[in-house]
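K.L.:
Next come a sequence and a model predicted from it.
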Amino acid sequence: MDIPAPLVLLLQAVESGDLPAARAAAAELRRTQSGTTQLAAEVLHELRQPLLGVKAYTQLLSEEIGTRGPLRQMLAQVERMEQIISDFTRLASERPAPQQPVSLVTHVQAAVRAFSLNPDSARVTLQVDASEDLGVQGNGRLLEQLTLNLLNNARDAVTGPGRVKVVVRREGTSPVMYVADWGAGVPEAVRQRLFEPYVTGSKRGTGLGLAVCRRIALEHNARLELVPSSVLSEQPAPTTVFRVLFPAPDALPAPSPTPVSPAPTPTTSRRRLLVVDDEEIIRSVFKDLMGRECEVLEAANVEEALAHLRRGPVDLIVTDKNLPGLSGLELAQEARRLDPSSRVILMTGYPSLVTTQQALELGLLDYLLKPFDDIREVRTKLREFLNAAVPVRHERRPDNRRVDVLDDSPSSARQVSEALARLGLEARVLTAVPGEPAAEPPAAVVVSWDFSAAYGRQALELARKLGQGAPFVVLAEYLSQETVLEALRAGAAGCLARDLEALELSQELSRILGHAPAPALKALG
């Protein structure tokens, strides 16, 4: 193997004792390695677009002929490529992901569902023992990736039919997860280097999965290790057991259950769906996905999309965020100028907290992350939005100044009340769940994500119910992409950090709710 030129210079400088030259060569080596890693990550990310198209068409074809034979193998290989891209991208990332209190079991179950979608997983029997719902401080998507990588590793360790088991339980005050398999075991030669990149004892593996698991565990202050099979009371004993030991939570609020959406009501009217993406394969996927149910219009950029919108209204717009020229967010703004009732879903392979907040405050319906786990789940979402009635915002009386504040923290409720007073609004603080909505709807609702009487999604649903069509704003102790995304999907008007000072909070509420400060109160603060 050729030695990189910066490394040669570094070795020569060290041998000659030239310290300045050694420092310069070391700096150049770091720069070269960093640039190469970033380039590889960007190339792999671009591969996700055509891969998404291949996977989507494979899933659609499987509906017609079933996942068997070559089609089954094709889907397994596509998902394997997706996993490699995801693993490398995570290893190349230097940015820690945002965290918040989450349900460990909820995300383990999501990983189990993703694992079951891979046809190769059908050859193993998967058992899940997770009766107690445990809260951890973490990032939901990364916890799913951690679990899925461990499951894939266990499956690949098993030759032919076999068994894999996941156990989630509490040990002392700490949540812990075990993933066990009855495969060939870990070769002694790789045990000491098992969590290093590209080290694997399996012919199936890439050597990235466990390295990513260790990286994710460290981000969660958790310990990932290979432990003796005797830690689980199983007969016969498993050959390999991995344990992830999470730190004891500091009285985390109980996570709310995932709501189950009712089945959409079929409609006979011909709806119009506009798909905007500069990748032809993505537009084709959506056209074949929804073409039998609605009229699908295509656009490769914002200019083409606006031309469609000027010719006539559409029922739903699905747009990529990163488009040539104007972005998908700018398209949403332009669509709203043409038709204030426009409904937009944003798609992106580059999710961020900032763009999620922008999507929320623009009133977008959803924020879909590429690559999609299952294109059929996307179809279900599109059906629901196409068939749903456009929500009507009821006009409030000009003299209605009441804002319901759902917050059981005295200091936080006091800050919100002061911020509303600066706008000439009156706070009605609720520290418990009211029995029924008030006869007179409020002008707006401010709800704490950490409202212990109805935490997380339950709090958002309560705010929507009490508002009776009025806008509501979410305050979050941990302002993360996941929290903002949940607020967006619940129909919130905004999502703000809970620790804002009263003056800054009043400015943000004024911007979101459209209330100018009361003249007599402008001098406050």
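P.N.:
It's in.
K.L.:
Please, where are all the helices along the stretch 51-200 of the chain?
P.N.:
Secondary structure of the stretch 51-200 of the chain (DSSP state H, counting those that start in this stretch): helices located at 69-92, 104-117, 140-157.
K.L.:
of all those helices, which has the lowest average per-residue confidence?
P.N.:
Mean pLDDT per stretch puts helix 69-92 lowest among the helices of the stretch 51-200 of the chain, at a mean of 64.
K.L.:
so what's the closest residue in space to D288 that isn't next to it in sequence up against?
P.N.:
Nearest non-adjacent residue to D288, counting by CB to CB, 6 or more residues apart in numbering: L60, 6.5 Å away. Any C-beta I mention is one placed from the backbone N, CA and C, and that applies to glycine too. Counting by CB atoms under 8 Å, 6 or more residues apart in numbering, L60 touches D288, L289, I375, R376.
K.L.:
same thing but at 7 Å, please
P.N.:
Taking CB atoms under 7 Å, 6 or more residues apart in numbering, we find L60 in contact with D288, L289, I375.
K.L.:
Tell me which of those has the lowest pLDDT.
P.N.:
I375 (84).
K.L.:
Report how many residues lie close to it.
P.N.:
20 (other CB atoms under 10 Å).
K.L.:
Correct me if wrong: it contacts A56.
P.N.:
Yes: the pair I375 and A56 passes the contact test of CB atoms under 7 Å, sitting 4.0 Å apart.
K.L.:
hey, what's in contact with both of the two?
P.N.:
V285.
K.L.:
Tell me which helix or strand A453 sits in.
P.N.:
Assigned by DSSP states H and E, A453 belongs to no helix or strand.
K.L.:
That one reaches V433, doesn't it?
P.N.:
Yes: between A453 and V433 there is a contact at 4.9 Å, judged by CB under 7 Å.
K.L.:
Tell me how many other residues crowd Q137.
P.N.:
16.
K.L.:
Quick check: it vs S411, distance?
P.N.:
22 Å (CB to CB, to the nearest Å).
K.L.:
Over to V445?
P.N.:
20 Å.
K.L.:
go on, L479?
P.N.:
L479 is 18 Å from S411, by CB to CB.
K.L.:
And V378, by the same measure?
P.N.:
42 Å.
K.L.:
Looking at those two, which is more packed in?
P.N.:
For V378 versus S411, neighbours defined as other CB under 10 Å are more numerous around V378 (21 against 10).
K.L.:
Quick check: closest non-adjacent residue to the more buried one.
P.N.:
Using CB to CB, 6+ apart, the closest residue to V378 is F372 (5.3 Å).
K.L.:
Need the per-residue pLDDT for the one you found.
P.N.:
81.
K.L.:
and what of D315?
P.N.:
Value listed for D315 in the pLDDT field: 95.
K.L.:
Tell me who's in contact with it.
P.N.:
R271, R272, L273, L386.
K.L.:
Tell me how many other residues crowd L245.
P.N.:
So L245, with other CB under 10 Å, has 18 neighbours.
K.L.:
Enumerate the beta-bridge partners assigned to it.
P.N.:
Beta-bridge pairing of L245 under DSSP bridges involves V176, R223.
K.L.:
now V473
P.N.:
Beta bridges link V473 to V446, G494, judged by DSSP bridges.
K.L.:
low-scoring pLDDT stretches of the stretch 201-350 of the chain, where are they?
P.N.:
For the stretch 201-350 of the chain, the stretches with pLDDT under 70 are 201-208, 250-269.
K.L.:
can you pull out the helices in it?
P.N.:
Assigned by DSSP H, counting those that start in this stretch, the helices in the stretch 201-350 of the chain fall at 209-219, 280-290, 302-311, 328-338.
K.L.:
and if you look at the stretch 351-500 of the chain?
P.N.:
Using DSSP H, counting those that start in this stretch, helices in the stretch 351-500 of the chain cover 353-361, 375-387, 410-422, 457-467, 481-490.
K.L.:
Is A487 in contact with L360, as I believe?
P.N.:
Yes: the pair A487 / L360 is scored as a contact, 5.9 Å apart, by CB under 7 Å.
K.L.:
Between these two, which contacts overlap?
P.N.:
Taking CB under 7 Å, 6+ apart as the contact rule, A487 and L360 both touch C495.
K.L.:
before we move on, the earlier item: pick the most deeply packed of the helices of the stretch 201-350 of the chain.
P.N.:
helix 209-219 (a mean of 21; mean count of other CB atoms under 10 Å).
K.L.:
Contact partners for the nearest residue to L151 once chain neighbours are set aside?
P.N.:
The shortest distance from L151 to any non-neighbouring residue, by CB to CB, 6+ apart, is to F115 (4.6 Å). Listed by CB under 7 Å, 6+ apart, the contact partners of F115 are S121, L148, L151.
K.L.:
same thing but at 10 Å, please
P.N.:
79, 121, 124, 126, 144, 147-152, 154-155, 164, 166 (CB atoms under 10 Å, 6 or more residues apart in numbering).
K.L.:
what's the closest of the residues you listed to V405?
P.N.:
E144 (33.8 Å; CB to CB).
K.L.:
So that closest one sits against A110, correct?
P.N.:
Yes: in this structure, E144 is within contact of A110 by CB atoms under 10 Å, at 5.0 Å.
K.L.:
Comparing these two, which residue is more hemmed in?
P.N.:
E144 (22 against 18).
K.L.:
now that one: how far from A463?
P.N.:
Distance, E144 to A463, using CB to CB: 27 Å.
K.L.:
what do you get for E426?
P.N.:
E426 is 17 Å from A463, by CB to CB.
K.L.:
go on, D156?
P.N.:
For D156 relative to A463 (CB to CB), the value is 45 Å.
K.L.:
Neighbour count for these two, which is higher?
P.N.:
Higher neighbour count among D156 and A463: A463, with 27 against 21, using other CB under 10 Å.
K.L.:
quick one: the more buried one and A490 touch, right?
P.N.:
Yes: the criterion here is CB under 10 Å, and A463 meets it with A490 at 7.9 Å.
K.L.:
what's the overlap in contacts for the two?
P.N.:
By CB under 10 Å, 6+ apart, the residues touching both A463 and A490 are V447, F472, V474.
K.L.:
Now pLDDT and neighbour count too, for the residues you listed, in a markdown table please.
P.N.:
Output for the shared contacts of A463 and A490, formatted as a markdown table (pLDDT from 0 to 100; neighbours: other CB atoms under 10 Å):
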| residue | pLDDT | neighbour count |
| --- | --- | --- |
| V447 | 96 | 28 |
| F472 | 95 | 28 |
| V474 | 96 | 29 |
